[in-house]
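Visitor: Here is a sequence together with a model predicted from it:
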Amino acid sequence: MDQDERHIVVVAMPAGDDPGTWIEALRPRLPNFDVLSLDAATDTARVAYVVAWKHPRGALARFPNLKAVFSLGAGVDHLLSDPDLPVALPIVRVVDPDLTSRMSEWVMLHVLMHHRQQRLYEWQQFEKIWADDATQPAAKDVRVGIMGLGVMGQDSAHKLAMMGFDVAGWSRTPKTLPGIETFSGDAGLGSFLARTQILVSLLPLTSATRGILDLGLFRQLARDSHVGGPVLINAGRGGLQNEADILTALDEGLLRAATLDVFETEPLPQTSEFWHHPAVMVTPHNAAISSPQTIAAFIADQIEAAEDCEPLEHVVDRNAEY
Ligand code: NDP
Ligand code: OXD
């Protein structure tokens, strides 16, 4: 094929972010394509695929011959919130065992951190206090509830159940999972929350889930946890949580503690109270990050398959989810 007939794969990132790592990871895997940054893709008619993470709004509407858009992550809210996203295009998200395992590591770490009161013992070590907590329950007596029983939520649920926790999950549609109590839809939410002592949010951000983690929801959580109140752990999206409500709930004792990986504004502003709140653990939206090599292999395989007229995998069902 002539150089000026080759299809282009564009890596689209926010202005100011360097797409170089992703371009380098994709190029050797897509030798028949030109892999370019958004700025370099001036021959817009040749652009067949876009690989995107928080692209500038409207940027994808410039490409008349796009065949598919790939999210660089599992979440697609950054794509679907673009009002100029071409309507008929397939949107593919990352579903990758490496990404999923990393999320489960993070979820288990923070469930255990709260369950075993690690922060208390860190403080005690600092103060040279030798004191144990004779009331520490076994994992089987601790009820963890996972909001979102998709790829991430199911893996975390199974791994927590393997550790002995009493695990339940909540999803949009009903599910049957061995060893996990399941709830679904608006009708199941109240019962799910009423049994939950440690709440883990692994929901996507959609019009139905935006702001769901608010005071009204925190009030419905079980209050009988051995740490003195419910715990919130959110790695879904910052838009799921009402941050003022989290602070109020912590102040009023509706929540005992929180671990937050995602925020309404990222990076978390320097002025945020979360940075120094004694009951809050902050991680910088890195609960699950796969290496560019792993994600590039996943995307390149899909592009090659699409070129061979094979169906794309993990295409987002826009009607079901948003
Ligand atoms: P999936 O699409 O596989 O799962 C989403 C789950 O949420 C499904 O069980 C779905 O229910 C449920 N859900 C969606 N909408 C609702 C609703 N309105 N009410 C109740 N349940 C609902 O996504 P993943 O598990 O792969 O990822 C989940 C999210 O995790 C991503 O969208 C992303 O935002 C976040 N994420 C965060 C990362 C981080 O580092 N912090 C890394 C990777 C992902 P049903 O099955 O019935 O459709
Ligand atoms: C994702 C993320 O969606 O990293 O994959 O947040």
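Guide: Looks like it came in fine. Numbering: from 1, shown residues only. Ligands and ions are numbered 1, 2, ... in the order given.
Visitor: gap between the nearest residue to Pro292 once chain neighbours are set aside and ligand 2?
Guide: With sequence-adjacent residues excluded and distances taken as Cβ to Cβ, 6 or more residues apart in numbering, Pro292 is closest to Ala25, at 4.2 Å. (Each C-beta comes from the backbone N, C-alpha and C, glycine too.) Taking Cβ to the nearest ligand atom, to the nearest Å as the measure, Ala25 falls 16 Å from ligand 2.
Visitor: And for Leu66?
Guide: Taken as Cβ to the nearest ligand atom, the span from Leu66 to ligand 2 is 21 Å.
Visitor: Now name the helix or strand holding that residue.
Guide: Here Leu66 is covered by no helix or strand, with elements defined by DSSP states H and E.
Visitor: Return the residues in contact with it.
Guide: 47-50, 60, 86, 89 (Cβ atoms under 8 Å, 6 or more residues apart in numbering).
Visitor: Kindly recompute the last result at 10 Å.
Guide: 10, 44, 47-50, 60, 86, 88-90 (Cβ atoms under 10 Å, 6 or more residues apart in numbering).
Visitor: Equivalent analysis for Asn242, please.
Guide: Going by Cβ under 10 Å, 6+ apart, the list of residues near Asn242 reads 210-218, 248-249, 264.
Visitor: what kind of secondary structure is the residue nearest to Pro292 in?
Guide: State at Ala25, reduced to three classes by DSSP: H, G, I helix; E, B strand; the rest coil: helix.
Visitor: And Ile299, by the same measure?
Guide: Under three-state DSSP, Ile299 falls in the helix class.
Visitor: Nearest spatial neighbour of the residue of the stretch 201-322 of the chain found nearest ligand 1, chain-adjacent residues omitted?
Guide: Of all residues in the stretch 201-322 of the chain, Pro204 sits closest to ligand 1, at 3.2 Å by Cβ to the nearest ligand atom. Once flanking residues are discounted, Pro204 sits nearest to Gly75: 5.9 Å by Cβ to Cβ, 6+ apart.
Visitor: how near is that neighbour to Lys54?
Guide: Look at Gly75 and Lys54: by Cβ to Cβ, to the nearest Å, they are 10 Å apart.
Visitor: Likewise for Phe165?
Guide: As judged by Cβ to Cβ, Phe165 and Lys54 stand 34 Å apart.
Visitor: Repeat that for Gln302.
Guide: On the measure of Cβ to Cβ, Gln302 and Lys54 end up 20 Å apart.
Visitor: List, one by one, the residues from this protein near ligand 2.
Guide: Proximity of the chain to ligand 2 is confined to 73-75, 94 under the rule Cβ under 6 Å from any ligand atom.
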